[in-house]
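# Kindly return the folded structure for what I paste below:
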Amino acid sequence: MSSDLKLGLNLGYWQRNSDDSTELVQAAERLGYESVWTAEAYGSDAFTPLAWYGARTSRIKLGTSVVQISARTPAATAMTAMTLDHLTGGRLLLGIGASGPQVVEGWYGRPFPKPLARTREYVEIMRKIWRREEPVTSDGEHYPLPYPGGANLGKPLKLITRPLRAEIPLYLGAEGPKNVALAGEIADGWLPLFVFPEKIERMYGPSLAGTGPDFDIAAMVMTLITDDVRSALDGVKMMLTLYIGGMGAKSRNFHADIIGRMGYAEAAEEIQALYLAGRRDEAFNAIPDELADGISLVGPVGRIRERLELWRKSPVTNLLVMGPRDEASLRTIRDLVLG
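Predicted structure coming up:
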């Protein structure tokens, strides 16, 4: 339980037709937001927008939510993270995630099995690289260094540039209980995508057992100040329709699974079946309002203030708000969350 919440702004994916969010990020920095986060799937990458915003700010922390481990070798991610951390004065928060088999195997052309073992090995190599204690080797199954075979000329190497920080804060994007437990074991924080604050302890209590007071649970939450609650909930439902229905295979959709663990397994199955059948309006209508409301903060100021108490009573320590697009909204949300 955390009565004192930290506050960040999650911008999601950069889109070609979207406005440059520099002014929004600068406003968030002026208003005392601790962090700003960007994402990647199979469009824009997460690092480039952060470099853009980092060059135009001076204090706000810069988070990836998340970079996909199959997109880059551990060394490539460690080098990019080290470089960006240096250029921005030690402001990077590195969020990584395994993604899902459709993207990993269909987009990156890499095998998906054993995502927990791959993640553990990936993190171990990155931390060896940043510490620069010796040339980096790894006898792991997934990222052996030097590579066995090939030209048989691989040589253990040490990072040329000394990192600004040997311990860059590391977060895991995780949805399954075992992956969340891994975050608690090897990372500095956890980036959950969908959080129903009243249910998170029941769903993940055993997975989070043993995490210390500094472990950061940075929850992404759709946030919209409006008198039109119906319209706001419909916006949340549109997002859920895509994630439950189309962001994953029918036989393996981690987003649908988490909705099932929240207690909406039948609804998740129906939503996915309708979406995959091309009946997307029906899939949208099948999403319970209670679910959309439970994972978001929408409505008039008084309603959001009341619902914030549920988040304060939960294990969540950090709200990464998604949705506000102007300084006035950012200020109101700041006042509500930080008092």
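# can you pull out the strands in the stretch 51-200 of the chain?
Using DSSP state E, counting those that start in this stretch, the strands of the stretch 51-200 of the chain run over residues 61-64, 67-68, 92-97, 170-173, 189-191.
# Now the first one: average pLDDT?
When the per-residue pLDDT values of strand 61-64 are averaged, the result is 98.
# Each with direction, which strands does it pair with?
Strand 61-64 has these partner strands in its sheet, going by DSSP bridges: strand 35-38 (parallel), strand 92-97 (parallel).
# cool, and the shortest one?
Strand partners for strand 67-68, identified by DSSP bridges, are recorded as strand 92-97 (parallel).
# Mind listing residues that contact the partner strand?
By Cβ atoms under 8 Å, 6 or more residues apart in numbering, the list of residues contacting strand 92-97 from outside reads 35, 37, 50, 61-69, 77, 81, 84-85, 119, 122-123, 168-174, 189, 191. Quick note: C-beta positions are derived from backbone N, CA and C, even for glycine.
# send the alpha carbons of it over as PDB?
C-alpha atoms of strand 92-97 as PDB (Å, rounded to 0.1, in the frame of the first residue of the first chain):
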ATOM      1  CA  LEU A  92      17.100   7.100 -18.300                       C
ATOM      2  CA  LEU A  93      14.700   4.500 -16.800                       C
ATOM      3  CA  LEU A  94      15.100   1.400 -19.000                       C
ATOM      4  CA  GLY A  95      11.900  -0.700 -19.300                       C
ATOM      5  CA  ILE A  96      12.200  -3.900 -21.300                       C
ATOM      6  CA  GLY A  97       9.700  -6.600 -22.200                       C
END
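# Please compute how far it lies from its chain's middle.
Distance of strand 92-97 from the chain centroid (Cα atoms, centre = their mean, to the nearest Å) equals 8 Å.
# Now the buried members of the contacts of strand 92-97.
Among the contacts of strand 92-97, those buried by neighbour count (16 or more other Cβ atoms under 10 Å) are 35, 37, 50, 61-69, 77, 81, 84-85, 119, 122-123, 168-174, 189, 191.
# Just after the lengthiest strand in the chain, pick out the following helix or strand.
Criterion DSSP state E: the longest strand present in the chain is strand 216-225. On the C-terminal side of strand 216-225, the closest following helix or strand by DSSP states H and E is helix 229-246.
# For Phe254, which non-adjacent residue is spatially closest?
Nearest residue to Phe254 in three dimensions, chain neighbours excluded: Glu175, at 4.8 Å (Cβ to Cβ, 6 or more residues apart in numbering).
# so that neighbour touches Ala256, yeah?
No - checked against Cβ atoms under 8 Å, the pair Glu175 and Ala256 is beyond contact range at 10.2 Å.
# show me what contacts Ala256?
Ile244, Gly248, Ala268, Glu269, Ile271, Gln272.
# For the last one, give me the pLDDT.
Per-residue pLDDT puts Gln272 at 93.
# Remind me what the strand or helix carrying it packs against, helices and strands.
Element membership for Gln272, per DSSP H and E: helix 265-276. Where contact means 3 or more Cβ pairs under 8 Å, 6 or more residues apart in numbering; DSSP states H and E, helix 265-276 is packed against helix 229-246, helix 254-259, helix 280-285.
# tell me the most buried of the ones you listed?
Highest mean neighbour count among the helices and strands packed on helix 265-276 (mean count of other Cβ atoms under 10 Å): helix 254-259, with a mean of 21.
# returning to that earlier point: partners of the longest strand of the chain, with directions?
strand 189-191 (parallel), strand 297-299 (parallel), strand 318-322 (parallel).
# Columns distance to Ala46 and mean pLDDT on top of those strands, output as a markdown table?
Below are the strands paired with strand 216-225 laid out as a markdown table (distance: least, Cβ to Cβ, whole Å; pLDDT from 0 to 100):
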| stretch | distance to Ala46 | mean pLDDT |
| --- | --- | --- |
| strand 189-191 | 12 | 98 |
| strand 297-299 | 24 | 98 |
| strand 318-322 | 14 | 98 |
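# residue contacts, Trp14?
Counting by Cβ under 8 Å, 6+ apart, Trp14 touches Thr38, Gly43, Ser44, Thr48, Pro49.
# go again using 7 Å as the cut-off
Thr38, Ser44, Pro49 (Cβ atoms under 7 Å, 6 or more residues apart in numbering).
# again with Leu164
So Leu164 contacts Asp85, His86, Gly90 (Cβ under 7 Å, 6+ apart).
# got those residues as JSON lines, with distance to Glu309 and pLDDT columns?
Conversion of the contacts of Leu164 to JSON lines gives the following (distance: Cβ to Cβ, whole Å; pLDDT from 0 to 100):
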{"residue": "Asp85", "distance to Glu309": "36", "pLDDT": "98"}
{"residue": "His86", "distance to Glu309": "40", "pLDDT": "98"}
{"residue": "Gly90", "distance to Glu309": "34", "pLDDT": "98"}
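# Need those in TSV (columns: distance to Ile304).
Compiled in TSV, these are given as follows (distance: Cβ to Cβ, whole Å):
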residue	distance to Ile304
Asp85	34
His86	38
Gly90	33
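# now, which of those sits nearest Lys6?
Nearest to Lys6, judged by Cβ to Cβ, of these is Gly90 at 17.5 Å.
# Report how many residues lie close to the closest one.
Number of residues near Gly90 (other Cβ atoms under 10 Å) recorded here: 13.
# cool, and Gly205?
For Gly205, the count of nearby residues is 11 (other Cβ under 10 Å).
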